[in-house]
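A.B. asks: Just need the structure, nothing else, for what follows:
(one chain, ligands or ions: 1)
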Amino acid sequence: MKVEAVRGMTDILPQEALLWQYVEAEIREAVALYGYREIRTPIVERAELFARGVGEATDIVHKEMYVFPDKKGQMLALRPEATASVVRAYIEHGLYAKGGVAKLYYLGPMFRYEKPQKGRKRQFHQYGVEALGSLEPALDAEVIDLAWYIMERLGLRREGLFLRLNSIGCPEDRPRYREALREYFLPYREELCPDCQRRLEENPLRILDCKVPTCQRIAADAPRSLDHLCEGCRGHFETLLRYLDALDLAYELDPKLVRGLDYYTRTVFELASRDLGAQDALLGGGRYDGLAEALGGPPTPGVGFAGGLERLILVLGERDVSDRCHRIITGPEVYLLPVGETETAEALRILARLRRAGIPCDMDYAGRSLRKRLQAAARSGARYALFLGEEELSRGEAKVRDLASGEERYVPTEELVAFLKGAS
Ligand code: HAM
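C.D. replies: Alright, predicted model coming up:
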């Protein structure tokens, strides 16, 4: 029986990986310009981190997390997201001791047992930023600006994108808002889906982002969190809107945007694509001013976002960005064709030398007829084929054929690097 990849987990083949490398390189450069430095946290964490961080009652933890015991019975989880991990690491390594704002970014695989569909996988990849240590709405604005800047660098038009924005207030506002929602939804209790009936007891905010059409219809007229903000949260939001205007960044206020993770406070946002259909969020984020404390650290406000690379690649895949992958090595420039064992030994030495000089090259290892080998050289996309026969070798030379023009010349093997560098 054939063994296949796990459902919802995809291989990224070499041709597509070029696009991934390009996108990742652009993201790394963009976030570095905004002062973010990379953090790499483990893929496996204690399950408790996400139960406490993301929230026991969220779909992500309740239904979608890959949880398993290790040999000692300790419950572990494949990370479903990275914010909780980054905050754990921030506390564990005392990064707060330096003072100021810690700006951290990450790129890597995340795991959620969701129903796979276009733009939704069980192993997917996120890039994300987390800025810890400031309550200033200017930082929210900068983070949102960075999200737009990444899109801009990748050549995505602003008109094809839109920013959903909301504020869900602070823990002091939450009980009042929850109560207002509970009061509103209670008369519809029987019409709500079974999950939302449970949510009505546990956290009625979660009903607002339920995907079941009946629940969505009922939620359409639900009370708005913006109407239940305390003075501090209202002020924060109004200042943020002013900063976004100053940056000329458009937004759409979305009272139903609550996000599927429990750690959020105040600002929440999503940057969505008009071309993606149901799974349209290219990235999502917000403030999480209580998370560090909930994980046992010193009270530290934070704000950040994460985006799915699969979705970004989907949107980018519809345009031709191959010319932008030019900085990435896509194949050999030189293809070596030695004839026998002595020549192969010399070919290996030449390969090593060319590669150390930064010239991508390869050799025919399949040991077939000259015709087949020439075909392989052409297929490789190399500019030159390099022949090494007994005769050439005795003169310390190689025969270099320009595969496009067919032109041939003999070059001393000692001078190959200079010749090839001069030709490029
Ligand atoms: P999230 O909204 O759960 O937020 O995920 C962020 C992004 O990851 C989504 O907008 C989407 O692009 C992508 N994504 C999520 N699930 C999948 C999936 N199953 N397949 C493909 N892509 C997916 C968070 O994860 C928060 N940690 C974001 C954050 C950072 N908030 C503050 N800081």
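
A.B. asks: residues in contact with the helix or strand of the chain with the lowest mean pLDDT?
C.D. replies: Least confident element among the helices and strands of the chain, by mean pLDDT, DSSP states H and E: helix 370-379 (a mean of 89). Defining contact as C-beta atoms under 8 Å, 6 or more residues apart in numbering, one finds that helix 370-379 is touched by 335, 337, 364, 366, 368, 385, 403. Heads up, the C-betas are built off the backbone N, CA and C, glycines and all.

A.B. asks: Show me how far that helix is from its chain's centre.
C.D. replies: Remark: helix 370-379 is offset 39 Å from the chain centroid, using C-alpha atoms, centre = their mean, to the nearest Å.

A.B. asks: Quick check: buried residues in that helix?
C.D. replies: Residues 373-374, 376-377 are the ones in helix 370-379 that count as buried (16 or more other C-beta atoms under 10 Å).

A.B. asks: can you pull the contacts of Ala281?
C.D. replies: By C-beta under 8 Å, 6+ apart, the residues touching Ala281 are 270-272, 308, 311.

A.B. asks: Tell me the one among the buried residues of helix 370-379 nearest to Met110.
C.D. replies: Nearest to Met110 among the buried residues of helix 370-379 is Ala376, at 39.3 Å by C-beta to C-beta.

A.B. asks: Please give the element, helix or strand, for the residue in the stretch 101-250 of the chain that the ligand sits nearest to.
C.D. replies: Using C-beta to the nearest ligand atom, the closest approach of the stretch 101-250 of the chain to the ligand is made by Phe124 at 3.4 Å. Element membership for Phe124, per DSSP states H and E: strand 123-132.

A.B. asks: Now do whatever helix or strand comes next after that strand: which elements does it pack against?
C.D. replies: Downstream of strand 123-132, the first helix or strand assigned by DSSP H and E is helix 137-153. If you count contacts as 3 or more C-beta pairs under 8 Å, 6 or more residues apart in numbering; DSSP states H and E, helix 137-153 packs onto helix 14-33, strand 123-132, strand 161-167, helix 231-246, strand 265-273, strand 281-287, strand 302-308.

A.B. asks: of all the ones you listed, which lies closest to Gly155?
C.D. replies: When the helices and strands packed on helix 137-153 are compared by C-beta to C-beta, helix 14-33 sits nearest Gly155, at 9.3 Å.

A.B. asks: Run through the neighbouring helices and strands of the closest one.
C.D. replies: strand 102-111, strand 123-132, helix 137-153, helix 309-317.

A.B. asks: run the last query once more with 7 Å
C.D. replies: Packing contacts for helix 14-33, counted by 3 or more C-beta pairs under 7 Å, 6 or more residues apart in numbering; DSSP states H and E, involve strand 102-111, helix 137-153, helix 309-317.

A.B. asks: If you count neighbours, what's buried in it?
C.D. replies: Those would be 18-20, 22-23, 26-27, 30-31, for helix 14-33 by 16+ other C-beta under 10 Å.

A.B. asks: what's the angle between that helix and helix 137-153?
C.D. replies: 150 degrees (axes from the mean of the first three to the mean of the last three C-alpha atoms, to 10 degrees).

A.B. asks: Helix 14-33 and the ligand, are they touching?
C.D. replies: No: Helix 14-33 is not in contact with the ligand by C-beta under 6 Å from any ligand atom; minimum separation 12.8 Å.
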